[in-house]
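[1] This is a predicted model, with the sequence first.
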Amino acid sequence: MPSDLDFIKATAGLRDLGGQRVWSLMISLFGDLAQDEGQAIDGPVLSAMMALLQVKPEATRVALHRLRNDGWVASKKAGRISRHSLTAQGRAECAAASPRIYADPGSAPTDWQFVLLEHSDSTTNAQMIDLGYIQVQPRLFAGPSDAVLPDGPLVLRANTAPHWLREQIAPDQLRRGYGDLLHVLETFEGMLPPEPMPSPLEVAVLRGLIVHNWRRLVLKHPPLPQPLVADDWPGRPCHHRIAALLDRFPRPALSEIEPRRDAA
């Protein structure tokens, strides 16, 4: 991408998806770029990244203030420069989400099970979702065959699923979300020139945008075994494109990222 203008134009679709919240977008940036203990993003670099995301300085300051108050981010001075890093809580939250966000597209299990409970309520439903199940009907859940079982259920295991079940499990709202993201990713890939490679700053922002838009969808539902995924489920090709783009643009080292002069 030879210029900032080209980068901003190419990433417009990724920025416009889903009504981006600045604080949430910032978490995605930190989670992808500086998740390990001891890693920190210098203030001028963070300002430059947010400028490429078309976020105004005052909105960046408000988002940082919120993340500090919520215990996600800590800031400290190093000379005249502020350095921002994830707290232990922030690192733990990001680490918990990373296996889903960066999962191999081909890693979904092939065996699944139906679990019928004696009774269920909102608390039980939430517990089953936390265990990796998706609700099909009241008291009836589907999930990986190796998922932890609650006490006393009826369990039916299988490695295939009928078409009607796969379609019933796919939520319409998530289908639209994945479809929108897939369209944006296809458009973005069509705009990518073979050379030159984006700068480390642009790569950091691009990866943050990709991870952010993927994270807000994939964390809304448990991972499904392959037989329970509908043939036309847009989340499948979306996952493959996400993985390919993150592989194409490897995470830059923090030491490689230099702020733009107009954003420093």
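    Everything's here; your move. Numbers count the residues shown, from 1 in each chain.
[2] Give the buried residues for stretch 193-204.
    198-204 (16 or more other CB atoms under 10 Å). Using the backbone N, CA and C atoms, a C-beta is placed for each residue, glycine as well.
[3] Include secondary structure, pLDDT and distance to His163 when you put these into a markdown table, please.
    Formatted as a markdown table, the buried residues of stretch 193-204 follow (DSSP: H, G, I helix; E, B strand; the rest coil; pLDDT from 0 to 100; distance: CB to CB, whole Å):
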| residue | secondary structure | pLDDT | distance to His163 |
| --- | --- | --- | --- |
| Pro198 | coil | 87 | 42 |
| Ser199 | coil | 92 | 47 |
| Pro200 | helix | 95 | 46 |
| Leu201 | helix | 95 | 47 |
| Glu202 | helix | 94 | 43 |
| Val203 | helix | 95 | 41 |
| Ala204 | helix | 96 | 42 |
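[4] just the strands in the stretch 151-264 of the chain please.
    For the stretch 151-264 of the chain, the strands defined by DSSP state E, counting those that start in this stretch cover 154-158.
[5] before we move on, what about the stretch 1-150 of the chain?
    Under DSSP E, counting those that start in this stretch, the stretch 1-150 of the chain gives strands at 41-42, 73-78, 81-86, 112-116, 134-137, 140-144.
[6] where along the stretch 51-200 of the chain do the helices fall?
    57-69, 88-101, 122-130, 163-169, 172-191, 200-218 (DSSP state H, counting those that start in this stretch).
[7] And the shortest one, what does it pack against?
    Spelled out, it's helix 163-169. strand 134-137 (3 or more CB pairs under 8 Å, 6 or more residues apart in numbering; DSSP states H and E).
[8] helices or strands next to the strand it packs on in the packing?
    helix 122-130, strand 140-144, helix 163-169.
[9] Go ahead and produce CSV holding the CA coordinates of the first one.
    As requested, C-alpha coordinates have been extracted for helix 122-130 and formatted as CSV (Å, rounded to 0.1, in the frame of the first residue of the first chain):
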residue,chain,number,x,y,z
SER,A,122,-31.9,-19.4,32.0
THR,A,123,-29.1,-20.3,34.5
THR,A,124,-28.8,-23.8,33.1
ASN,A,125,-28.9,-22.6,29.5
ALA,A,126,-26.0,-20.2,30.3
GLN,A,127,-24.0,-22.9,31.9
MET,A,128,-24.5,-25.2,28.9
ILE,A,129,-23.3,-22.5,26.6
ASP,A,130,-20.3,-22.0,28.8
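[10] Point out where the stretch 151-264 of the chain drops to low pLDDT.
    In the predicted model, the stretch 151-264 of the chain carries pLDDT under 70 at residues 195-196, 260-264.
[11] and stretch 162-180, how far from the chain's centre?
    Chain-centre distance of stretch 162-180: 19 Å, with CA atoms, centre = their mean, to the nearest Å.
[12] cool, stretch 17-35 as well?
    Distance, centroid of stretch 17-35 to centroid of chain: 9 Å (CA atoms, centre = their mean).
[13] what's the average pLDDT for that stretch?
    Average pLDDT, stretch 17-35: 92.
[14] Now that stretch: buried residues?
    Those would be 17, 20, 22-23, 25-35, for stretch 17-35 by 16+ other CB under 10 Å.
[15] related to what we said a few turns ago, out of the helices of the stretch 51-200 of the chain, which is the most enclosed?
    The highest mean neighbour count among these, using mean count of other CB atoms under 10 Å, belongs to helix 200-218: a mean of 22.
[16] same for that helix, what does it pack against?
    helix 4-10, helix 12-16, helix 22-33, helix 43-52, helix 88-101, helix 172-191, helix 235-248.
[17] Among those, which comes closest to Ser75?
    helix 43-52 (8.2 Å; CB to CB).
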